[in-house]
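Chemist: Here is my input, please return the structure:
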Amino acid sequence: MSIDTTDRLADHQTLSTRALLTCGVIAGPLFPLVALLQAATRDGFDLRRHPFSMLSLGDLGWLQIVNFVVVGTLFIACSVGVRRVIRDGPGSRWAPRLVAAFGASQVVGGVFLVDAAAGFPAGAPELPSFTWTGIVHSISGPVGFGCLSALCFVIARRFAARGERGSARASRAVGVVMILGFVGVAVGDLRVLAASIVLGWAWAALIAARLRAEVADAP
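Modeler: Next comes the predicted model:
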């Protein structure tokens, strides 16, 4: 193989890796932005009582379903880029797996709809029906949160190994906030959950952007 051919292949690999990581940069803010816009415009939706998942219900539910599936697919694509960049050291094994699992959980959350409850959509009962699709959805949420929380600590360990203590502390803090997001469910105010989603997904986008910059800076 000629040197020119090798260089072209290397350039192609670099470009494709950047493109894959860009998927994560886009996905991070896309999900909460689309969800918040719907939350502000859908009749009867209340962030204090209703999780973003319930936006998948009703006449305009297809918007949130697409949001789930597209963002999940983008994160799965991003995981390939993560695997290419983090090839050794802390996080090389688990970071790409956790990103892929996080993305897959969102796809599942879009395909399997949550049960109507808490009066949304209009006319829905207060308590869910506990259908099998709703149960699958209710499992995918904690799995996704768990994967993203774990990813925060995995990436924090990688930052710490590189002497980037500030970034390591920030990543751990996001991981803790993600875990505490479910406290909002327990106390009955789901705005805590929504805030943790905005923070966690934004952090994921920033990590993807940082890895993309590392690819751009590589010789």
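
Chemist: Next SSE downstream of the longest helix along the chain?
Modeler: For the chain, the longest helix by residue count, based on DSSP state H, is helix 3-41. Reading on from helix 3-41 to the C-terminus, the next helix or strand found by DSSP states H and E is helix 61-85.

Chemist: Report the distance from that next one to the chain centre.
Modeler: Distance, stretch centre to chain centre, for helix 61-85: 8 Å (C-alpha atoms, centre = their mean, to the nearest Å).

Chemist: List the buried residues in it.
Modeler: Within helix 61-85, the residues scored as buried using 16 or more other C-beta atoms under 10 Å are 61, 63-65, 67-85. C-betas here are computed from N, CA, C, even on glycine.

Chemist: show me what contacts residue 30?
Modeler: Neighbour list for residue 30: 67, 70-71, 74 [criterion: C-beta atoms under 8 Å, 6 or more residues apart in numbering].

Chemist: Report the two of those separated the most.
Modeler: Distance extremes for the contacts of residue 30: the farthest pair is 67 and 74 at 10.8 Å, using C-beta to C-beta.

Chemist: if I look at the residue nearest to residue 180 when sequence neighbours are not counted, how far off is residue 79?
Modeler: Leaving aside its chain neighbours, residue 180 sits nearest to residue 196 (6.9 Å; criterion: C-beta to C-beta, 6 or more residues apart in numbering). Look at residue 196 and residue 79: by C-beta to C-beta, to the nearest Å, they are 21 Å apart.

Chemist: contacting residues for residue 190?
Modeler: If a contact means C-beta under 8 Å, 6+ apart, then residue 190 has 47-51, 184 as its contacts.

Chemist: Quick check: PyMOL command selecting the buried ones in those residues.
Modeler: Listed next is the PyMOL selection for buried residues among these, using 16+ other C-beta under 10 Å:
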select buried, resi 47+49+50+51+184
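
Chemist: which among the contacts of residue 190 gets closest to residue 120?
Modeler: Distance to residue 120 across the contacts of residue 190 (C-beta to C-beta) is lowest for residue 50, with 5.1 Å.

Chemist: mind pulling up the phi and psi values for the nearest residue to that closest one once chain neighbours are set aside?
Modeler: Distances taken as C-beta to C-beta, 6+ apart put residue 120 closest to residue 50, at 5.1 Å, once the chain neighbours are dropped. Residue 120 adopts backbone torsions of phi -130, psi 130, taken as degrees, to the nearest 10.

Chemist: can you count the residues close to residue 120?
Modeler: Residues within reach of residue 120, counting by other C-beta atoms under 10 Å, total 20.
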